[in-house]
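[1] Quick check, what structure comes out for this input:
(one chain, ligands or ions: 2)
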Amino acid sequence: MSALREKMVSEGRVLAAPAVSDDRPRVGHAAAGVSMSGRKIDVLYSEDAIAGKVDWIAGEVAGRAPRRLLVIAILKGSFMFAADLLRALHRRDLAPEVEFMMLSSYGTGTVSSGTVRVVRDIDTDVAGRDVLIIDDILESGRTLAFARALMIERGAARVDVAVLLEKPGKRKAEIEADLVGFVCPDKFVVGYGMDAAHAYRELPFVGVVREDGDG
Ligand SMILES: O=P(O)(O)OC[C@H]1O[C@H](OP(=O)(O)OP(=O)(O)O)[C@H](O)[C@@H]1O
Ligand code: HPA
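    Numbers count the residues shown, from 1 in each chain. Ligands and ions are numbered 1, 2, ... in the order given. The predicted structure is shown next:
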């Protein structure tokens, strides 16, 4: 703490930041079995591994020299990936406009309902622009096929799709992502934005919730 800040804290003019203990769990680096609210989460992709992929995806996007780039993050699941990827794009000297579209097809379940619902649309006109749609995961493909088709229908010049994860062999709609961080095993994953019945989105890593009796 600087001398000035120390003086201000002692005079009660500002609040001291709470001390952070060094022994807090480094969950992002744990190999397995992180406990969250009584459930065990096995770490599949650590914070470091994710950061490496995000940086790689940003490099690939920059290499495509997009024109008038508009990044559209598909909420809710992509919020953490979007925040990290946008900062990585900035480090690559890109200055995209950013939009958010909220789509939903899973509700509180772990299987796609088959119907994609637009909960919130974007406000920006995409006609003639290079669009990068980003999402956390590509599974049945219904969500991203819907989003991509909508942007093409609205006249985007080019539409690329970047996902942190894809599950192969699960596609129910015709779509492949242009940029993929990890090819993911066929397990329901949580964390880094992704939820199971609204829980676990805050985790900084991607993991799998252990079934009862998994040890
Ligand atoms: O390829 P798909 O089978 O369509 O699955 C992928 C989509 O499912 C999840 O969203 P969800 O509908 O659960 O909404 P959320 O982002 O609000 O969690 C996820 O964030 C993707 O958008
Ligand atoms: O494995 C998953 N986890 C969370 N959300 C998802 N949406 C599609 N697949 C998944």
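[2] So which residues on this structure come close to ligand 2?
    Taking C-beta under 6 Å from any ligand atom as the criterion, the chain approaches ligand 2 at residues 77, 106, 137, 139, 188-190, 194. Backbone N, C-alpha and C define where each C-beta goes, glycine included.
[3] Between those, identify the one with the most neighbours.
    Counting neighbours by other C-beta atoms under 10 Å, residue 189 leads these with 26 neighbours.
[4] Look up which residues are beta-bridged to that one.
    residue 208 (DSSP bridges).
[5] Hmm, residue 165 and it touching each other?
    Yes. Using C-beta atoms under 8 Å, residue 189 is in contact with residue 165, at 6.8 Å.
[6] So for those two, which residues contact both of them?
    137, 206 (C-beta atoms under 8 Å, 6 or more residues apart in numbering).
[7] Just flag the most distant two among the residues of the chain next to ligand 2.
    139 and 190 (13.4 Å; C-beta to C-beta).
[8] What helices and strands are in contact with whichever strand or helix holds residue 43?
    Taking DSSP states H and E as the criterion, residue 43 maps to strand 39-45. Secondary-structure packing of strand 39-45 (3 or more C-beta pairs under 8 Å, 6 or more residues apart in numbering; DSSP states H and E): strand 34-36, strand 206-209.
[9] Compare the ones you listed and say which comes out lowest on pLDDT.
    Among these, strand 34-36 has the lowest mean pLDDT, at a mean of 76.
[10] Which positions within that strand qualify as buried?
    34, 36 (16 or more other C-beta atoms under 10 Å).
[11] Which strand or helix spans residue 111?
    Using DSSP H and E, residue 111 falls outside every helix and strand.
[12] Look at it and report its pLDDT.
    Value listed for residue 111 in the pLDDT field: 79.
[13] Could you find the closest non-adjacent residue to the residue in the chain that ligand 1 sits nearest to?
    Per C-beta to the nearest ligand atom, residue 77 is where the chain lies closest to ligand 1, at 2.5 Å. Here the nearest residue to residue 77 in space, its sequence neighbours aside, is residue 136; by C-beta to C-beta, 6 or more residues apart in numbering that works out to 4.0 Å.
[14] what does residue 130 give?
    Closest to residue 130 by C-beta to C-beta, 6+ apart is residue 66, at 4.1 Å.
[15] Pretty sure residue 146 sits against residue 103.
    Yes. In this structure, residue 146 is within contact of residue 103 by C-beta under 8 Å, at 6.8 Å.
[16] shared neighbours of these two, anything?
    Counting by C-beta under 8 Å, 6+ apart, the residues touching both residue 146 and residue 103 are residue 116.
[17] which residues of the protein fall in strands?
    34-36, 39-45, 70-75, 97-104, 117-120, 130-138, 158-166, 179-183, 189-190, 206-209 (DSSP state E).
[18] Now render those strands as TSV, adding distance to residue 172.
    Putting these into TSV (distance: least, C-beta to C-beta, whole Å) gives the following:
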stretch	distance to residue 172
strand 34-36	30
strand 39-45	23
strand 70-75	17
strand 97-104	15
strand 117-120	16
strand 130-138	11
strand 158-166	14
strand 179-183	18
strand 189-190	18
strand 206-209	22
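[19] Thank you, goodbye.
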